[in-house]
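coords below, sequence missing:
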């Protein structure tokens, strides 16, 4: 089987962000949103396995992920924009559960999602929180890259 490209994973993250937003706005389940996305979007160049894994993983670990994120914020999670929350959930999930993914990739992808879909300064918040999480969750890797 061919290894998924970074671009196909970036597209998967964009769909996860949109799916998390839809779930937030409509209360639809992760499984239902994933099925809807497969039917209504062109998925030829999307790593759909990664998309599904992220979406279900984030939905399953949502409370735990929010508990990791909130102490890194200057406000409550519920005060965040839904796009900021989604970008942070994706990054936090990847930092905690996708150890094979370099932490810098998780941070950069979260920042790019916030730049593309979020408010003007959302990317700064996402960068700050994910960097703090990387320092905590990926401490040996973080230290090694800092040298």
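Nice, thanks for sending it over. Keep in mind that this is a model prediction, so the values were computed, not measured.

This structure: helices as residue ranges?
6-26, 30-40, 48-60, 62-69, 82-97, 103-117, 122-137, 139-146 (DSSP state H).

The first one packs against which elements?
The one in question is helix 6-26. In terms of contacts (3 or more Cβ pairs under 8 Å, 6 or more residues apart in numbering; DSSP states H and E), helix 6-26 is packed against helix 30-40, helix 48-60, helix 82-97, helix 103-117. Every C-beta, even on glycine, is put in place using the N, C-alpha and C of the backbone.

With the last one instead?
Contacts defined by 3+ Cβ pairs under 8 Å, 6+ apart place helix 139-146 against helix 103-117, helix 122-137.

got it, and the fifth one?
Secondary structure elements in contact with helix 82-97, counted by 3+ Cβ pairs under 8 Å, 6+ apart, are helix 6-26, helix 48-60, helix 62-69, helix 103-117, helix 122-137.

Make TSV from those helices and add mean neighbour count, distance to residue 83 and mean pLDDT to it.
Formatted as TSV, those follow (neighbours: other Cβ atoms under 10 Å; distance: least, Cβ to Cβ, whole Å; pLDDT from 0 to 100):
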stretch	mean neighbour count	distance to residue 83	mean pLDDT
helix 6-26	19	6	96
helix 48-60	19	14	97
helix 62-69	16	14	97
helix 103-117	20	5	97
helix 122-137	20	7	96
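
Dump the ones you listed to CSV, plus distance to residue 33.
Shown next, in CSV, are these (distance: least, Cβ to Cβ, whole Å):
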stretch, distance to residue 33
helix 6-26, 5
helix 48-60, 7
helix 62-69, 14
helix 103-117, 16
helix 122-137, 22
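
Report the central residue of this structure.
residue 90 (1.3 Å; Cα atoms, centre = their mean).

picking that back up, go through the helices of the chain and name the closest to residue 76.
Evaluated over the helices of the chain, closeness to residue 76 peaks at helix 62-69, with 10.0 Å, by Cβ to Cβ.
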